[in-house]
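> Task: produce atomic coordinates for the following.
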Amino acid sequence: MSSEPPLAGDADAVIARLRELRAGDAPSHGGTILSYVYDSGRAELDELAAAAIREVQPVNGLDPTVFTSVATMERDVITFARNAFHGPGAVGSVTSGGTESCLLAVLSAREYSHADRGSIVVPTTAHAAFTKAAHVLGVEEIRVPVDPVTTAVDPAVVADALREDTFLVVASAPGYPTGALDPIESLGQLARERQIALHVDACLGGFALAWWPDPLPPWDFRVPGVTSLSADLHKYGYSPKGASVLLHADRDRHRAQYFATTDWPGYPVVNPTLLGSRSAAGLAASWAIISFLGTDGFTDLVAATARATAALRDVVAGIDGLRVFGDPVGPVFAVATDPASASPVDPHRWARAVADEGFALQLQPGYVQPDGSSLPATTHLTVTPVTERVVDDLARALVRGAEAARGLPPSPAPEALADLAAAITTGAVSLDDLLSLPSETTAEFLRAAGIDPHGDGELDMPAVVAAVAALPRSVTAKMLTEFLALYTNPL
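Below is the predicted model:
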C-alpha cells in the first residue's frame, strides 16, 4: 500500500477537496453565526487581508532586523492601538491572539514584580485565558465573585481578596460572558494604592469600545493605575485569526514579558512573545486593514454594530419569558430566562429553536460563584457590523424561537452522565477515580452518553451544556478534552 497521500501531485484536486471540506463548516460570513467570527460585511477587507498575507507568506517574524517589514508594520499597528486606547506613551507587541496576550500580561506583571510565584485576582467573568495563564506560569489565581445582577466586579470584593503576594488585578472591558464593563476607574485607584499592576482585558471588544457611540466611563489608559491592556485585532479589528495587541504603560513592563538568552552555542534568542519563529500573516493583515480603514472607517463599522446591538436588545426585551442579563455595554450581551414571567423561556431551548431558523447563538451554562451566588444559564450573542444587514431576519428568528421553546423544560443531561452525576453525589464514585480514568474509559462514557466524536449526526449542544452544569467542572473538562482530542485525531 502506498504511503503517499491520495491527492499527491494534483494541486487542483487538493484545492477541490479543501473546498469540499469547507462546505461543511459553519458560514463565517453573512451574520448567521453570532460567535467566533467577526464579519465586517465588507468583502474588500477580506480581499485586502488575503493580499497582505500573500505578500508576507514566507516571512519569519522571529528576527525583524532581517525582515524589516515586520518591525515597520508592528510599529504602525502599535501606534494606531495606543492612540485608540489613549496611551500616547504605551509600548507593546503584536501577538497571535487574546490568549497569548493575556498570558504575556500575567508573565510581565510577575517578572516586573520579581515574584517567584505569587497570585493574581481575577473576577469570575474574566476570560478563561487567565486561568490558563496561572496554570502555565505556576501562579495562584484568586477568583472573586461578580455582582449577580450587573455581573461587574465590586472593587471592595477585589480589595478584600488581595494578598501580600498579589502582583496583578484583572478587569474586563467588556467581559465575554455578559458584556459587562468592570469599574476600571475604581480598580485603577485600588491598584495604585496597593502598588499592584492592573491589566484591562479588552481582547473581545476593545476595538469596538474605542469608537462606541454611547458614552462610557473611562476604561483604558486614561485611567491612572492601568498598567497594561490587550485588544484582539482578529475580533473588531476585522483581521483574520490570529492577531492581538498587548500594550504596556511603560517600557520596563513591556521588556519584562521578553525571553532572551545568549547562553547557548546558537544565535542570540530574543522573543517578545511566546513564539520563536512566527508568521507575519496576522500582523500584515491587521496592518493593511488599519491602514485602509483609519479612524473614520472603524467609526463607521462600530456605528453599524451599535445600531444592530440596540435593535436586538430591544427585541429580546420585548419577548415575554426572556431578558437581557446583567448590565452589558458594547457589542455583546447574554440572554437569560425571565424569572418574573408567567411563561418563562429556557435560553438554551431558545437557542436551539433559533438555530432551526438559521442563526447560531452560543450556549453558556449556569455558574455558582465562590461566595455561593449564582449566575444563570444564558445564551450569548456577539454582534458585528454585518449583523445590521440581517437584523430584521434575526429579530424574527429570535421571536419565533421563543414561541417554539416556550413551555419546554431545560434540556436534561444525557442519561448516562446524569447517572454519573448522581453517583458522585452519593459518593458511589469519587472525583479522584474519575479524574484518573484512562482515555479509553472516558471515551466509553462519552459514547454511552451519545456524545461520539466520530459518530454521525449533529451534537446536541443543550444536552452537552446541561452535562457541564450537572457534573463537577473538573470532570466535564476531562471529558471535553477527550472529546476534542478524539474529534481531531484518527481512530
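> The stretch 201-350 of the chain: helices as residue ranges?
Ranges of helices within the stretch 201-350 of the chain are 206-209, 251-255, 281-317, 347-356, based on DSSP state H, counting those that start in this stretch.
> deepest of those, which one?
Of the helices of the stretch 201-350 of the chain, the one with the most neighbours on average (mean count of other C-beta atoms under 10 Å) is helix 206-209, at a mean of 28. In this view, the C-beta of every residue, glycine as well, is placed from N, C-alpha and C.
> Which strands or helices does that helix pack on?
strand 228-232, helix 281-317 (3 or more C-beta pairs under 8 Å, 6 or more residues apart in numbering; DSSP states H and E).
> Which neighbours in the sheet does the first one have, and how are they oriented?
What it means is strand 228-232. Strand pairing for strand 228-232, using DSSP bridges, gives strand 197-201 (parallel), strand 244-248 (antiparallel).
> what angle do it and helix 281-317 make?
Interaxial angle of strand 228-232 relative to helix 281-317 (axes from the mean of the first three to the mean of the last three C-alpha atoms, to 10 degrees): 80 degrees.
> any residues touching strand 228-232, and which ones?
Here strand 228-232 makes contact (C-beta atoms under 8 Å, 6 or more residues apart in numbering) with 81, 85, 87, 90, 97-98, 101-102, 105, 108-109, 197-204, 206-207, 220-221, 237, 243-249, 253.
> And stretch 134-147, by the same measure?
By C-beta under 8 Å, 6+ apart, stretch 134-147 touches 103, 106-107, 110, 115, 117-125, 130-131, 133, 152-154, 157-158, 161, 163, 165-166, 180, 369-371, 373, 375.
> Need the contact partners of the helix or strand of the chain with the lowest mean pLDDT.
Ranking every helix and strand in the chain by mean pLDDT, DSSP states H and E puts helix 461-470 at the bottom, with a mean of 83. Contact partners of helix 461-470, identified using C-beta under 8 Å, 6+ apart, comprise 348-349, 351-352, 363-366, 377, 410-414, 417-418, 421, 449-451, 476, 479.
> Between the helices and strands packed on helix 206-209, which one is closest to Ser436.
Closest approach to Ser436 among those (C-beta to C-beta): strand 228-232, 36.0 Å.
> export that closest one as CSV, just CAs?
Extracted in CSV, the C-alpha atoms of strand 228-232 (Å, rounded to 0.1, in the frame of the first residue of the first chain):
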residue,chain,number,x,y,z
SER,A,228,-1.4,47.0,30.5
LEU,A,229,-4.2,46.5,28.0
SER,A,230,-4.9,43.8,25.5
ALA,A,231,-7.2,44.0,22.4
ASP,A,232,-7.7,41.5,19.6
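> what mean pLDDT does that strand have?
Regarding strand 228-232, the rounded mean pLDDT is 98.
> In contact with His331, which residues are there?
Heads up, residue 331 is Pro, not His. Pro331 touches 179, 205, 208, 236, 305-306, 309, 382-384, counting by C-beta under 8 Å, 6+ apart.
> and of the residues you listed, the nearest to Tyr36?
Proximity of the contacts of Pro331 to Tyr36 (C-beta to C-beta) peaks at Thr382, which lies at 7.8 Å.
> since we're on that closest one, how many residues are nearby?
24 (other C-beta atoms under 10 Å).
> As a check, name the ranges of all strands in the stretch 51-200 of the chain.
Using DSSP state E, counting those that start in this stretch, the strands assigned to the stretch 51-200 of the chain run over residues 91-95, 119-123, 140-144, 166-172, 197-201.
> what's the angle between the longest one and strand 119-123?
If I follow you right, that is strand 166-172. Angle of strand 166-172 versus strand 119-123, following the same axes, to 10 degrees, is 20 degrees.
> quick one: Ser113 and Phe167 touch, right?
Yes. With contact defined as C-beta atoms under 8 Å, Ser113 counts as touching Phe167 (3.9 Å).
> where does this structure dip in pLDDT?
Within the chain, the segments meeting pLDDT under 70 span 1-4, 457.
> Okay, domains of this protein per the record?
50-290, 302-405, 415-487 (automatic domain parsing).
> could those go into a markdown table alongside distance to Ser35?
A markdown table is the format used below for the domains of the chain (distance: least, C-beta to C-beta, whole Å):
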| stretch | distance to Ser35 |
| --- | --- |
| domain 50-290 | 10 |
| domain 302-405 | 4 |
| domain 415-487 | 12 |
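> and for Ser113 and Phe167, which residues touch both?
Ala197.
> So for these two, which sits in the more crowded spot?
Neighbours around Ser113 and Phe167, counted as other C-beta under 10 Å, are more numerous at Phe167. The numbers are 22 against 17.
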